[in-house]
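Asker: no FASTA, just this:
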């Protein structure tokens, strides 16, 4: 059987297991870098809330409720509902996007995130923080629910709890067995932690030196634009016949 060369860094499916571009590990690295910026952006500049996940918001809701501060407790329903809305949207939109635009939902989402964060950079810090928090909660939820598995590794791109756990698990197994596959998993989880840290540190530094700190979120547009370009090329050229193929983990 004649081998068909796959472009865009994808493996030849006749030689190795084939991965869609949206499943590639480097895409998850870029998205994690952007997510680190989004999380620290809202934490540092937009109301002290970490919008990438909802555990903290639910805990704060419970805290205020337990103190009898029902109005303050109810405030945390806003980011919670935004996050749920993002999850619902990312569940129902993929087929519609493929049918209308002839590209994957994953690709559309990164382009949408780029546009939204570009507009967020224009929102003055004097505006209510809830506006930015809702927006970033919404897009982080969609990103988390859309990008689930990098090649063979289950991953989250918007927060690190699972990666810290997996790092500890694989570290123990590697020290016990010294096998190459476990070592590779250990390395990848550690890299994701460092990349998220780097994104958060970078946007925090930028926010402290820019005359308009709200524009610091524009740094996240760099990794998002790279993701969008790579996936768009795949959808239109190298993976055009695979648009109906579901990414692993879905």
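Answerer: That came through fine. These numbers were taken from a predicted model, which means no experiment stands behind them.

Asker: where are the low-confidence patches of the protein?
Answerer: For the chain, applying pLDDT under 70 flags the ranges 1-15.

Asker: hmm, try it at 90
Answerer: 1-17, 47-50, 53-57, 60, 72, 75-79, 152, 178, 248-250 (pLDDT under 90).

Asker: which stretches of it form strands?
Answerer: Listed in chain order, the strands found in the chain under DSSP state E are 149-150, 153-154.

Asker: which one of these lies closest to residue 243?
Answerer: Residue 243 lies closest to strand 149-150 among the strands of the chain, at 18.2 Å (CB to CB). For the C-beta atoms, the positions are set from N, CA and C on the backbone; glycine is no exception.

Asker: List of residues touching the closest one?
Answerer: 23, 24, 25, 27, 28, 155, 188, 247, 248, 249 (CB atoms under 8 Å, 6 or more residues apart in numbering).

Asker: returning to what we had before: what's the closest of the strands of the chain to residue 175?
Answerer: Of all the strands of the chain, strand 153-154 sits nearest to residue 175, with 19.6 Å by CB to CB.

Asker: Contacts made by the closest one with the rest, please.
Answerer: So strand 153-154 is in contact with 25, 148, 162, 185, 188, 249, going by CB under 8 Å, 6+ apart.

Asker: ChimeraX command for the buried members of those residues?
Answerer: Restricted to buried positions by 16 or more other CB atoms under 10 Å, the ChimeraX selection for the contacts of strand 153-154 reads:
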select :25,148,185,188
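
Asker: Give me the subset of the contacts of strand 153-154 that lies in helices.
Answerer: Among those, the members found in helices (DSSP state H) are 25, 162, 185, 188.

Asker: those helices in this structure, which residues are they?
Answerer: Under DSSP H, the chain gives helices at 25-45, 55-66, 70-75, 77-92, 94-101, 105-120, 129-146, 161-177, 180-209, 221-233.

Asker: Contact partners for residue 198?
Answerer: Residue 198 touches 33, 36, counting by CB under 8 Å, 6+ apart.

Asker: start the count at 251, not 1, going forward
Answerer: Fine by me, first position is 251 from now on; the one you just mentioned is residue 448.

Asker: What distance do you get for it to residue 267?
Answerer: Taking CB to CB, to the nearest Å as the measure, residue 448 falls 30 Å from residue 267.

Asker: swap in residue 428?
Answerer: With distances taken as CB to CB, residue 428 is found 24 Å from residue 267.

Asker: what about residue 372, how many neighbours?
Answerer: Residue 372: 10 surrounding residues under other CB atoms under 10 Å.

Asker: So what does it look like in phi/psi?
Answerer: Main-chain dihedrals, residue 372, degrees, to the nearest 10: phi -90, psi -10.

Asker: Nearest residue to it in space, please, no chain neighbours.
Answerer: Nearest non-adjacent residue to residue 372, counting by CB to CB, 6 or more residues apart in numbering: residue 464, 7.6 Å away.

Asker: quick one, what contacts that neighbour?
Answerer: Residues near residue 464 by CB under 8 Å, 6+ apart: 295, 370, 371, 372, 373, 374, 375.

Asker: at 10 Å instead, please
Answerer: Listed by CB atoms under 10 Å, 6 or more residues apart in numbering, the contact partners of residue 464 are 291, 295-296, 370-377, 382, 457.

Asker: How about residue 364?
Answerer: For residue 364, the contact set (CB under 10 Å, 6+ apart) comprises 284, 468, 470, 471, 472, 473, 474, 475, 477, 478.

Asker: and the gap between the fifth one and residue 280?
Answerer: Applying CB to CB, the value for residue 472 to residue 280 is 9 Å.
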